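Peer 1: Turn this into a model:
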Amino acid sequence: MASTTVLTDRLSGESRGFGFVEMSTAKVAQAAIAKLNEQTFEGRKLIVNIPKAPDNSGARRPPRW
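Peer 2: I've put the predicted structure just below:
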């Protein structure tokens, strides 16, 4: 594993329930996806996949209050 990031709420500082893991190679990443996707962890089902590229349309989402 090369790096990890857990996204948090700006106001409360609590986890938003997802994060990103950067793996050292594509082969290691595919093995992790195959092993962990749809497994249960602490009572919750994990969704493990390769993130989609951001939409570069220029439109911004309004803030979620």
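
Peer 1: and the residue nearest to Glu14 when sequence neighbours are not counted, how many residues sit next to it?
Peer 2: In this structure, Glu14 finds its nearest non-sequential neighbour in Thr8, 6.3 Å apart by CB to CB, 6 or more residues apart in numbering. The way it works is simple: take the backbone N, C-alpha and C, and place the C-beta from them, glycine included. Applying other CB atoms under 10 Å, we find 12 other residues in the vicinity of Thr8.

Peer 1: For this protein, which segments count as helices?
Peer 2: 26-36 (DSSP state H).

Peer 1: so where's the longest strand in it?
Peer 2: Secondary structure of the chain per DSSP state E: the longest strand is strand 15-22.

Peer 1: can you give me the mean pLDDT across it?
Peer 2: Across strand 15-22, the average pLDDT comes to 92.

Peer 1: Check the offset of that strand from the chain's centre.
Peer 2: 4 Å (CA atoms, centre = their mean, to the nearest Å).

Peer 1: So the residue nearest to Glu14 sits against Arg16, correct?
Peer 2: Yes: in this structure Thr8 lies within contact range of Arg16 using CB atoms under 8 Å: 6.2 Å.

Peer 1: pLDDT weak spots in this structure?
Peer 2: 1, 56-65 (pLDDT under 70).
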